[in-house]
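Visitor: What follows is a predicted protein model with its sequence.
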Amino acid sequence: MFLDNVITQSIVFEGQGRLKEYIGGYQDYIDAKSREDKIQTASAPKASDAEPAKEKPKANRTVKLSYKEQRELDALPDEIAALETEQAEINTQLSDPEIFKDYEKAGALQNRAEEIEMLLLEKLERWELLETKQNGNTV
């Protein structure tokens, strides 16, 4: 409770000589860490299912993406930009103290902000995966 009331950011040792900064108090760090863990566990099975199939045909060469994958790769920057724009609008609304007079609307905006954060992480991860596949690098 003391840390939540005093600090505005946490710099946390994550092992192997890595530091990571979290904005907010200790409880904010705990919440962010649990969200990151959920994202990693949700995306880990998907990545492990796809990796064995991709490693066999590759030998450090450029792989042509399927038509569907290429269209998805082409559309991802626009989708990410739209989500970031929506996220910025929501953050602007949430920065106005008047919004919290209507707690239901504020709660809905906060929930949508969390959904957008998850979607952005998923889309960025997918973009990286498709780019890596297209360039022929091992995932």
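Guide: Perfect, I can see it now.

Visitor: count of neighbours near residue 87?
Guide: 17 (other CB atoms under 10 Å). (C-beta placed from N, C-alpha, C; glycine too.)

Visitor: which SS class is the nearest residue to residue 77 once chain neighbours are set aside?
Guide: Spatially, and ignoring its direct neighbours in sequence, residue 77 is nearest to residue 127 (7.6 Å; CB to CB, 6 or more residues apart in numbering). For residue 127, the assignment made with DSSP: H, G, I helix; E, B strand; the rest coil gives helix.

Visitor: pLDDT of stretch 39-50, averaged?
Guide: Mean per-residue pLDDT for stretch 39-50: 62.

Visitor: cool, stretch 112-123 as well?
Guide: The pLDDT scores in stretch 112-123 average 93.

Visitor: contact partners of that stretch?
Guide: For stretch 112-123, the surrounding residues in contact (CB atoms under 8 Å, 6 or more residues apart in numbering) are 35, 39, 43, 76, 79-80, 83-84, 86-87, 90-91, 94.

Visitor: hang on, isn't the residue nearest to residue 77 packed against residue 80?
Guide: Yes - Residue 127 lies in contact with residue 80 (CB atoms under 8 Å); the separation is 7.2 Å.

Visitor: next structured bit after the helix or strand harbouring residue 33?
Guide: Here residue 33 sits within helix 26-55, counting by DSSP states H and E. Remark: after helix 26-55, the chain's next helix or strand is helix 67-94, criterion DSSP H and E.

Visitor: who does that next one touch, helix- and strand-wise?
Guide: On a contact count with 3 or more CB pairs under 8 Å, 6 or more residues apart in numbering; DSSP states H and E, helix 67-94 meets helix 103-135.
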